[in-house]
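Colleague: When you get a sec, could you give me coordinates for this:
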Amino acid sequence: MASVVVDIGGSGVRLAVLERGNLSTQTSKSVKSIDDLARAIRDCTQSPSAVAISLAGFVDSKSGYVRLSRSAPWSEGKFKSRLSEILGCPVAVMNDGEAHAQAINQMSGVELGAVSLSLGTSVGMGLLDPDGRVIRPCSGENWDIGDVQLKNTSAADPSVWWALGSQGLADLEKKYGASAGRQRFGFRLGSYIVQLCSTFQPKTVVLSGGIAVSAWEEMKGPIRSELERVPAHFVTPRVQLSPFAEAALVGAAYVIKPST
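Modeller: Numbering: from 1, shown residues only. Here you go, the predicted structure:
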């Protein structure tokens, strides 16, 4: 039997079928309620054996409880149990930053522990320990770094969600042109990664999401330049681009692969 993997974010809802360890071509659906989502899943396969969902919001992955989701407010509450009851199959729910981190477990040659930064409308973060297990905050929910303030930045809003999201990049491209704006964004991102090193001491930082995919060539030089400022008593992490254009789907699929 096939499983279904779902990514619910600011740009919409994407679904793919997971069968024999492989993800099918994704499809996009208009979803405005949990019943809409259930119908979209059944359009992919009538009787899914399991469902895994990556969701932009505050999520307790163990209980499947969604405390807040601006992208999908209809998911708030006991999302996992509600959807599982409708579909009659196991459901896994995780924050999108955590899903992007889980995708690292599907990459070869990555030195763990690792930090995942997904760059899109906003910024998501996930952490893996040296054994590839997800590290969560004390709350049991996901990491949220949106309100963290960047140091020494000219960004109109120094909050990470804005300065390292699509609005911050668009602002730089408007001021300096596309290529130069992306390079400056790379310096800004590199500076933030240096900040992360003092707290999490990662061996690898993996970048994913739309901005990472589109701007990597312009960003990678400035990022590596900023990494020269990592204090000598910390390991300087390797920063690399995720090989997965749809890392959230790949990471969510990884969570349910053992049961498929």
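
Colleague: Show me which residues of stretch 44-51 are buried.
Modeller: For stretch 44-51, the neighbour count (16 or more other CB atoms under 10 Å) marks 44, 45, 48, 49, 50, 51 as buried. All C-beta atoms are positioned from the backbone trio N, CA, C, and that covers glycine.

Colleague: and what of stretch 28-39?
Modeller: 29, 31, 34, 37, 38.

Colleague: residue contacts, residue 16?
Modeller: For residue 16, the contact set (CB atoms under 8 Å, 6 or more residues apart in numbering) comprises 4, 5, 23, 24, 25, 26, 27, 44, 246, 249, 253.

Colleague: doesn't residue 15 make contact with the third one?
Modeller: No. Applying CB atoms under 8 Å, one finds residue 23 not in contact with residue 15, separated by 10.2 Å.

Colleague: what is in contact with these two at once?
Modeller: Shared contacts of residue 23 and residue 15, defined by CB under 8 Å, 6+ apart, are found at residue 5.

Colleague: With neighbour numbers in mind, choose between the two.
Modeller: residue 15 (24 against 17; other CB atoms under 10 Å).

Colleague: quick revisit: return the two entries of the buried residues of stretch 28-39 that lie farthest from one another.
Modeller: 29 and 34 (13.1 Å; CB to CB).

Colleague: any idea how far residue 246 is from residue 208?
Modeller: Residue 246 is 9 Å from residue 208, where distance means CB to CB, to the nearest Å.

Colleague: Among the two, which residue is more densely surrounded?
Modeller: Set side by side, residue 246 and residue 208 show more neighbours around residue 208, with 30 against 20, by other CB under 10 Å.

Colleague: In stretch 75-93, which residues are buried?
Modeller: Quick answer for stretch 75-93 (16+ other CB under 10 Å): 75, 79, 80, 82, 83, 84, 86, 87, 89, 91, 92, 93.

Colleague: Let me have these in a markdown table, extended by distance to residue 153, pLDDT and secondary structure.
Modeller: Shown next, in a markdown table, are the buried residues of stretch 75-93 (distance: CB to CB, whole Å; pLDDT from 0 to 100; DSSP: H, G, I helix; E, B strand; the rest coil):
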| residue | distance to residue 153 | pLDDT | secondary structure |
| --- | --- | --- | --- |
| 75 | 33 | 96 | helix |
| 79 | 36 | 97 | helix |
| 80 | 38 | 97 | helix |
| 82 | 41 | 97 | helix |
| 83 | 40 | 97 | helix |
| 84 | 43 | 97 | helix |
| 86 | 45 | 96 | helix |
| 87 | 45 | 96 | helix |
| 89 | 46 | 96 | coil |
| 91 | 40 | 97 | strand |
| 92 | 37 | 97 | strand |
| 93 | 34 | 97 | strand |
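
Colleague: What is the nearest of those to residue 204?
Modeller: Using CB to CB, the buried residues of stretch 75-93 come closest to residue 204 at residue 92, 24.5 Å.

Colleague: wait, what's in contact with that closest one?
Modeller: 50, 51, 52, 53, 61, 64, 80, 252, 255, 256.

Colleague: Next: residue 226.
Modeller: Neighbour list for residue 226: 187, 189, 190, 191, 193, 194 [criterion: CB under 8 Å, 6+ apart].
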